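Engineer: just the structure for this:
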Amino acid sequence: MKSLVIFTFIFLSGCAGVGLMSTSDPDVKIQQAYRMMNEDRGLMAEDLVRQAMVIYIKDKNTLGMAEAYHTYGNLYKNSAYHGKSSATFKKQGTYDGTYMKSINNFEKSKEAYEQAGNEVGAVKSLVGMGNAYHLRNEDTKACKYYELALSRYNTGTANGVITNEPVIFDKRYKNMGDIINAFINREKCST
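Structural biologist: Numbering: from 1, shown residues only. Sure, this is the predicted structure:
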């Protein structure tokens, strides 16, 4: 009987996502999805984003939906999706090795951020599209999106529309503009 209890616990823990606290908060689910991406657990990350999206849609939370689409965009260009989880995604018929799934979700996130009046979100979605095009080896398109992102960022900061930026953990960059410029320089975009 004791071994059955241990087996049941291990089985249920695996299904629930080892190391994750059960939550109904969609914002926490998004944070957990990023953690799962960092741990190379793409299937769990995708499921967490899906769960969060269901709640955001039910609550008619446009900003939350934008963040969920943005997270999908990041997932579908992440090694957690293209690495060891890719075989399972392929088996399910949901794998896209072209990064278009990422680009399409970044486009949806940009539209939802714009609808919610969140210019920082729209800018970070454009950067995400640029990154995905870079991964497709379409650097001309990547440059187009980086330059559009930088233009919107500069206009937004000058006009006071962008007042709070995402937390930047890399000390080489003081703001989003620096990060976007780094991508522009990496691609040798003509500005």
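Engineer: residue boundaries of the helices in this protein?
Structural biologist: 2-16, 26-38, 42-58, 62-75, 79-82, 86-92, 100-116, 119-135, 139-158, 176-187 (DSSP state H).
Engineer: need the ones you listed in TSV (columns: mean neighbour count and distance to residue 164).
Structural biologist: From N, CA and C alone the C-beta is placed, and that goes for glycine too. Below are the helices of the chain laid out as TSV (neighbours: other C-beta atoms under 10 Å; distance: least, C-beta to C-beta, whole Å):
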stretch	mean neighbour count	distance to residue 164
helix 2-16	9	34
helix 26-38	20	16
helix 42-58	20	21
helix 62-75	24	13
helix 79-82	21	28
helix 86-92	12	35
helix 100-116	21	14
helix 119-135	23	7
helix 139-158	19	11
helix 176-187	17	11
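Engineer: what residues go with each domain of this structure?
Structural biologist: 22-97, 118-191 (automatic domain parsing).
Engineer: in a markdown table: those, plus mean pLDDT and distance to residue 109.
Structural biologist: Below are the domains of the chain laid out as a markdown table (pLDDT from 0 to 100; distance: least, C-beta to C-beta, whole Å):
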| stretch | mean pLDDT | distance to residue 109 |
| --- | --- | --- |
| domain 22-97 | 96 | 4 |
| domain 118-191 | 94 | 4 |
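Engineer: can you say which of these is nearest to residue 110?
Structural biologist: Counting by C-beta to C-beta, residue 110 lies closest to domain 118-191 out of the domains of the chain; the figure is 3.7 Å.
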